[in-house]
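Student: Need a 3D model of the sequence below.
(chains A, B, C, D, E and F)
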Number of protein chains: 4
Amino acid sequence: MVKHIVSSVKDEKLIEQRREELQKGAVSLFKQKGFHRATTREIARAAGFSIGTLYEYIRKKEDVLFLVCDAIYDEVKARMEAVIDTQETSEEALHQAVKSYFQLMDDMQDEVLVLYQELKALPKDAQEYVLDKEKEMVTLLEKVIQNSYPALSEQELSIITNNIFIQGQMWGFRRWILQKEFTLKQYTDLQFDLLKSQLGQRAKNHR
Amino acid sequence: MVKHIVSSVKDEKLIEQRREELQKGAVSLFKQKGFHRATTREIARAAGFSIGTLYEYIRKKEDVLFLVCDAIYDEVKARMEAVIDTQETSEEALHQAVKSYFQLMDDMQDEVLVLYQELKALPKDAQEYVLDKEKEMVTLLEKVIQNSYPALSEQELSIITNNIFIQGQMWGFRRWILQKEFTLKQYTDLQFDLLKSQLGQRAKNHR
Amino acid sequence: MVKHIVSSVKDEKLIEQRREELQKGAVSLFKQKGFHRATTREIARAAGFSIGTLYEYIRKKEDVLFLVCDAIYDEVKARMEAVIDTQETSEEALHQAVKSYFQLMDDMQDEVLVLYQELKALPKDAQEYVLDKEKEMVTLLEKVIQNSYPALSEQELSIITNNIFIQGQMWGFRRWILQKEFTLKQYTDLQFDLLKSQLGQRAKNHR
Amino acid sequence: MVKHIVSSVKDEKLIEQRREELQKGAVSLFKQKGFHRATTREIARAAGFSIGTLYEYIRKKEDVLFLVCDAIYDEVKARMEAVIDTQETSEEALHQAVKSYFQLMDDMQDEVLVLYQELKALPKDAQEYVLDKEKEMVTLLEKVIQNSYPALSEQELSIITNNIFIQGQMWGFRRWILQKEFTLKQYTDLQFDLLKSQLGQRAKNHR
DNA sequence: GATGAATGAGGCTTCATTCAT
DNA sequence: TATGAATGAAGCCTCATTCAT
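Tutor: The predicted structure follows:
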């Protein structure tokens, strides 16, 4: 459970449950109107409770945003961990990972969009807290790449991972252009091909 | 001049001038607080005139955002055109273009950030108008790449261009991670190296 | 027991007990923040029970104020009666009475302050009920003065008594000025001296 | 003009004027319902402007209370100064002063009541600021008394002045009892008589 | 009897926009 | 054309009170 946000309700189980309802509702609301345009009353209604009850579980409207961002990252991360094997060392494992990651980004485009748009509306400390979670996700990808191509220099590994990571996010974020030109499969295959060119090259160089 | 935004002032010269003051002020304001948190009064003050005068040159607060986004894209585009040679066909020309583009994204990180954050706050039609300008920028990069590597398939060209375009924007947008690990030069060199791996490979394949 | 406030609890003993806890907590709370700024939740907590339980013993927040004012007057009155002898007729008895009364006002400054500040927040009928208790206290003082100086006219007696009564209350209420200039003993002695001048004079006149 | 409260309006004259309207309306409102029960909208309406305009001249609801308290003290003080001659040394001058002061307290009972009830709702620093004004009023009375009875010790002078000051305020504050028993004239005459007894006595003692 | 989660009316305050000067 | 005072809709949040457990 998120320790950072104070609730006036005592029952921890209930807090967990209500906050989940809250996130669900809020994400779908923020997708439509964004955080700033959503009113607290709308947020409450979207979550299925009254404005009074909303404020039993948060202190400020901002807290909802934090909850949402936090939950999105948690879900993304959980699903990445479920789907990505950090032990395997084959090129095929990397292929799998990239496909899974891109699929995940496709599934969660709206959530990722919310993240991109609203993260900066959080107070600095909350931003950092949330971005730390992002780093863990990047690290996950990084491991997989390193397993398959252990010869990469630190910087090469880092920049390649970042590129992949970003390309996944952009699939949803720049859907207005990318999804017009490519299907997800095409996008995935093309990017993986390009990735292999880079990695193949690097592997040689470092041998 | 932007035709989309109505002003009650008649003198076109004046409109041009005032709107430039307006953009300048607004960008620096939006950098700090974002569009939603900036009040119209603050916008007016940042531009150096009164709230009443502000409303002589715009109709709604949203108009300011449009003006700003539009101006940013115009500036980015102008500077790209100034710096990128779409005639040259050498690999070196591409290298120059990438370096220049990344340098530009470094110069204008704050503006790009504003764009990323606030574009979605515009009404749909304004969004499209502005994104069309972005497409032109992408097209510019695309031409340079194609000049140097004419053998690329349409999709390869498109995705590679998009990747480069995005990597430039992310340099500023994800500065909290990228600029901790890399200097701009390192980032540029590494990305260009990776790009060459891809292009070299492709070039061969298609020959 | 106070008949005016309805409780949903049947057990009279319990009511008595809970209400005492309630008063104790509320007075100390009202001292700090005043009635209006104190929330019912804070009142409940200060009394040591839950918000639900609070509402078993009162009907409205206002009831708490009534309970508190009522209790304060009861305590003041009880302590005055314990300490003031209405039988004695000597000047010394009056001296004793004044000293005791001032001492009491010193002891209960905070309570008196609450009374002064919040009494007007009660509904009219409750105000009257409570002020009747105050009158009894004034009457007590009046008796003592009359015992010692039976020659005073009705109006003289009344005004002198009121003055003493007020001077006692003001010791606490205007502590920010009086308690900077005087110790309680000095204040008491000075006021008693002044009182004697008046009474001595009056006594002569009426003989 | 009160420097302590910020206004977003620039025209100082206007501020002065609007704030006066504000005080007038607010006092009469606070008389009826007290500060806490009066809503900001009621305050605005009582002053004759909209809620938006109200907030052009104050920052917080509390500011209204400050404005009101400050204005009351200013008026009381101005009227005392207009009516009390601090040069004269005759007993008659003192008589005049007391009569005028009591008359003033009669005229301004409601205002004084507001002061008594709500002063504690102000932030500490505002309280001090306002109470300093009260001290000046006490000082005024003190001078008159000292002029007529220069022989009084410092403490005697101080306590006697305080008593008079308080008796004036109480005439309005405890009207429910005092104004039932006395007319203003009676109250004034009786209190002045008592005062003379004290002063006469003291004068002798110190001669 | 005791608890505390749920409720929603209503309070305070902000701020985009208008309009008289 | 420029100004800035005026407006009020609408947002955020609190808190007295209720009621199911």
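Student: Check the residue in chain A positioned nearest to DNA strand E and give its pLDDT.
Tutor: Closest contact between chain A and DNA strand E, by C-beta to the nearest atom of the strand, is at A:Gly52 (1.9 Å). (C-beta placed from N, C-alpha, C; glycine too.) At A:Gly52, the predicted lDDT confidence score is 97.
Student: check which helix or strand covers it.
Tutor: Per DSSP states H and E, A:Gly52 falls inside helix A:51-57.
Student: which parts of the next helix or strand after that helix are buried?
Tutor: The element immediately downstream of helix A:51-57 (helix or strand, assigned by DSSP H and E) is helix A:61-83. Within helix A:61-83, the residues scored as buried using 16 or more other C-beta atoms under 10 Å in any protein chain shown are A:61, A:63-73, A:75-76, A:79-80.
Student: can you map out the strands along chain A?
Tutor: Counting by DSSP state E, no segments of chain A form strands.
Student: what bits of chain A have low per-residue confidence?
Tutor: Across chain A, the ranges flagged by pLDDT under 70 are A:1-3, A:204-207.
Student: Get me the contact residues on it for DNA strand E.
Tutor: Residues of chain A lying close to DNA strand E by C-beta under 7 Å from any atom of the strand are A:8-11, A:14, A:18, A:49-53, A:55-56.
Student: Could you pull up phi and psi at the residue of chain A found nearest chain D?
Tutor: In chain A, the residue that lies nearest chain D is A:Lys60 (18.9 Å; C-beta to the nearest C-beta). Reported as degrees, to the nearest 10, the phi and psi values for A:Lys60 are phi -140, psi 160.
Student: what does A:Leu122 give?
Tutor: phi -80, psi 150.
Student: Isn't it up against A:Leu65?
Tutor: Yes. A:Leu122 is within contact range of A:Leu65, at 5.9 Å (criterion: C-beta atoms under 8 Å).
Student: List the buried residues for stretch A:130-147?
Tutor: So, applying 16+ other C-beta under 10 Å, buried residues of stretch A:130-147: A:130-131, A:134, A:137-138, A:140-147.
Student: and what of stretch A:40-55?
Tutor: A:Glu42, A:Ile43, A:Ala44, A:Ala46, A:Ala47, A:Phe49, A:Leu54, A:Tyr55.
Student: Return that stretch as PDB; C-alpha atoms alone will do.
Tutor: The C-alpha coordinates for stretch A:40-55 follow below in PDB (Å, rounded to 0.1, in the frame of the first residue of the first chain):
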ATOM      1  CA  THR A  40     -13.200  16.300  -7.600                       C
ATOM      2  CA  ARG A  41     -16.900  15.500  -7.800                       C
ATOM      3  CA  GLU A  42     -16.500  13.800 -11.100                       C
ATOM      4  CA  ILE A  43     -13.600  11.800  -9.700                       C
ATOM      5  CA  ALA A  44     -15.700  10.700  -6.800                       C
ATOM      6  CA  ARG A  45     -18.600   9.800  -9.000                       C
ATOM      7  CA  ALA A  46     -16.300   7.900 -11.400                       C
ATOM      8  CA  ALA A  47     -15.100   5.900  -8.500                       C
ATOM      9  CA  GLY A  48     -18.600   5.200  -7.300                       C
ATOM     10  CA  PHE A  49     -18.600   7.200  -4.100                       C
ATOM     11  CA  SER A  50     -19.600  10.600  -2.800                       C
ATOM     12  CA  ILE A  51     -17.400  13.600  -2.600                       C
ATOM     13  CA  GLY A  52     -17.300  13.200   1.200                       C
ATOM     14  CA  THR A  53     -16.100   9.700   0.900                       C
ATOM     15  CA  LEU A  54     -13.500  10.600  -1.600                       C
ATOM     16  CA  TYR A  55     -11.900  12.900   0.900                       C
END
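Student: Is any residue of that stretch near DNA strand F?
Tutor: Yes. Applying C-beta under 7 Å from any atom of the strand, one finds stretch A:40-55 in contact with DNA strand F at A:Thr40, A:Arg41, A:Ile51, A:Gly52, A:Tyr55.
Student: Distance of the residue of chain A closest to DNA strand E relative to A:Ala46?
Tutor: 15 Å (C-beta to C-beta, to the nearest Å).
Student: what about A:Asp11, neighbour count?
Tutor: Per other C-beta atoms under 10 Å in any protein chain shown, the neighbour tally for A:Asp11 reads 10.
Student: quick one on the thing from earlier: give me the subset of the buried residues of stretch A:40-55 that lies in helices.
Tutor: Counting by DSSP state H, the buried residues of stretch A:40-55 place A:Glu42, A:Ile43, A:Ala44, A:Ala46, A:Ala47, A:Leu54, A:Tyr55 in helices.
Student: Show the residue spans covered by the helices in chain A.
Tutor: So, for chain A - with DSSP H - the helices run A:12-37, A:40-47, A:51-57, A:61-83, A:91-107, A:109-118, A:124-148, A:154-173, A:175-181, A:184-206.
Student: Select, out of those, the one closest to chain C.
Tutor: Evaluated over the helices of chain A, closeness to chain C peaks at helix A:51-57, with 11.8 Å, by C-beta to the nearest C-beta.
Student: Quick one: list the elements packing against the closest one.
Tutor: helix A:12-37, helix A:40-47 (3 or more C-beta pairs under 8 Å, 6 or more residues apart in numbering or on different chains; DSSP states H and E).
Student: can you do 6 Å?
Tutor: Applying 3 or more C-beta pairs under 6 Å, 6 or more residues apart in numbering or on different chains; DSSP states H and E, one finds that helix A:51-57 contacts helix A:40-47.
Student: what distance separates the helix it packs on from the centre of its chain?
Tutor: 23 Å (C-alpha atoms, centre = their mean, to the nearest Å).
Student: repeat for stretch A:191-204
Tutor: A distance of 25 Å separates the centroid of the chain from that of stretch A:191-204, by C-alpha atoms, centre = their mean.
Student: is that stretch anywhere near chain B?
Tutor: Yes. Using C-beta under 6 Å from any C-beta of the partner chain, stretch A:191-204 reaches chain B at A:Leu194, A:Ser197, A:Gln198, A:Gln201.
Student: What of stretch A:101-116?
Tutor: No. Using C-beta under 6 Å from any C-beta, we find that stretch A:101-116 stays clear of chain B, coming within 6.9 Å at best.
Student: Can you check the distance spanned by that stretch, start to finish?
Tutor: Stretch A:101-116 has its terminal residues 17 Å apart, counting by C-alpha to C-alpha, to the nearest Å.
Student: and if you look at stretch A:35-51?
Tutor: Span of stretch A:35-51 from end to end, C-alpha to C-alpha: 16 Å.
Student: Run a quick neighbour tally on A:Phe30.
Tutor: 26.
Student: A:Ser197 contacts B:Arg202, correct?
Tutor: No. Using C-beta atoms under 6 Å as the test, A:Ser197 is too far from B:Arg202 to be in contact (7.4 Å).
Student: In CSV: the ones in helices among the buried residues of stretch A:40-55, plus distance to A:Leu157.
Tutor: Listed next are these as CSV, based on distance: C-beta to C-beta, whole Å:
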residue, distance to A:Leu157
A:Glu42, 44
A:Ile43, 41
A:Ala44, 46
A:Ala46, 42
A:Ala47, 42
A:Leu54, 44
A:Tyr55, 46
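Student: Name the nearest of the residues you listed relative to D:Gln155.
Tutor: A:Tyr55 (55.4 Å; C-beta to C-beta).
Student: For the closest one, give its distance to chain B.
Tutor: Per C-beta to the nearest C-beta, to the nearest Å, A:Tyr55 is found 22 Å from chain B.
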